[in-house]
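In: Need the 3D shape of this:
(2 chains)
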Amino acid sequence: KNQVEQSPQSLIILEGKNCTLQCNYTVSPFSNLRWYKQDTGRGPVSLTIMTFSENTKSNGRYTATLDADTKQSSLHITASQLSDSASYICVVSPTLTGGGNKLTFGTGTQLKVEL
Amino acid sequence: NAGVTQTPKFQVLKTGQSMTLQCAQDMNHNSMYWYRQDPGMGLRLIYYSASEGTTDKGEVPNGYNVSRLNKREFSLRLESAAPSQTSVYFCASRGQVGEKLFFGSGTQLSVL
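Out: Below you'll find the predicted structure:
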């Protein structure tokens, strides 16, 4: 069964610090991996997407990495801000042409940024 | 540009009652989806519509029905609500294959 596992489940950091969230997947075949940010009471919003041929992708203070050989991805947040407090969800797609019905969602990492 | 709009935002039902969750998107997207999100679990697909006029079951369709009313609107119906359907429901849409999903802000449903 295709699975996406994220760690840690939750994380508390001080404002201004960096952090790294992890995503391991067993989805096969693999096409692309997205990270979504979900604020409390809101729907997820896409941060980055990486295909199997990409190693890294940045979006402002967010940098995602992908190792398709070990089936691992990470999301690094630099100089954290209070507004980064959210759940971060890793989502894996198995095929290039597959629809949204083929996506596997991780359970998310709940990040809290404190003063 | 409102994106994906869901109504209602909150709903409390008694076991056995029925209700319809509404979803509309203004991005001219072909595909629309209904997910549920439960604590400790990833988003799970209930039903989807790859294009206007088509609907298909997802991972957890039991107890639900859907209608793709037109290209903009995709509704989810609970015919006889059960406590196991207590969850947060998200509607999403997508334009082209491989593009990101756009989510609504969710409906928090409690079935007592």
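
In: Spell out which parts of chain B neighbour chain A.
Out: Residues of chain B lying near chain A by Cβ under 8 Å from any Cβ of the partner chain: B:4, B:31, B:33, B:40-45, B:48, B:50, B:56, B:58, B:90, B:92, B:94, B:97-98, B:100-101, B:103-106. From N, CA and C alone the C-beta is placed, and that goes for glycine too.

In: would you say B:A81 is within a helix?
Out: No: counting by DSSP: H, G, I helix; E, B strand; the rest coil, one finds B:A81 to be coil, located in no helix.

In: how about the nearest residue to whichever residue of chain A sits closest to chain B, chain neighbours excluded?
Out: Across chain A, the shortest distance to chain B (Cβ to the nearest Cβ) belongs to A:G43, at 2.9 Å. Leaving aside its sequence neighbours, A:G43 sits nearest to B:F103 (Cβ to Cβ, 6 or more residues apart in numbering or on different chains; 2.9 Å).

In: What residues are bridge-paired with the nearest residue to B:M19 once chain neighbours are set aside?
Out: Distance criterion Cβ to Cβ, 6+ apart; nearest residue to B:M19, sequence neighbours excluded, is B:L78 at 5.6 Å. Beta-bridge pairing for B:L78 (DSSP bridges): B:M19, B:Y64.

In: Give me the secondary structure label for A:L33.
Out: Relying on three-state DSSP, one would call A:L33 strand.

In: For the chain, which segments are assigned as strands?
Out: Picked chain A for this. For chain A, applying DSSP state E gives strands covering A:4-7, A:10-14, A:19-25, A:32-38, A:45-51, A:56-59, A:62-67, A:72-77, A:86-93, A:104-105, A:109-114.

In: that's the other chain; I wanted chain B
Out: For chain B, strands defined by DSSP E occupy the ranges B:4-7, B:10-13, B:19-25, B:31-37, B:44-49, B:56-57, B:64-68, B:74-78, B:87-94, B:102-103, B:107-111.

In: which other residues reach the longest one?
Out: What it means is strand B:87-94. Strand B:87-94 is contacted by residues A:43-44, A:99-100, B:4, B:6, B:21, B:23, B:25, B:27, B:29-38, B:43, B:46, B:74, B:76, B:100-104, B:106-109 when judged by Cβ atoms under 8 Å, 6 or more residues apart in numbering or on different chains.

In: got the angle between it and strand B:31-37?
Out: Note on geometry: by axes from the mean of the first three to the mean of the last three Cα atoms, to 10 degrees, strand B:87-94 and strand B:31-37 are set 160 degrees apart in direction.

In: Partner strands of strand B:87-94 and their direction?
Out: Looking at strand B:87-94 with DSSP bridges, its partner strands are strand B:31-37 (antiparallel), strand B:102-103 (antiparallel), strand B:107-111 (antiparallel).

In: State which one residue of chain B is found closest to chain A.
Out: Residue nearest to chain A within chain B: B:F103 (2.9 Å; Cβ to the nearest Cβ).

In: ok, A:K57 touching A:T48?
Out: Yes: with contact defined as Cβ atoms under 8 Å, A:K57 reaches A:T48; the gap is 4.7 Å.
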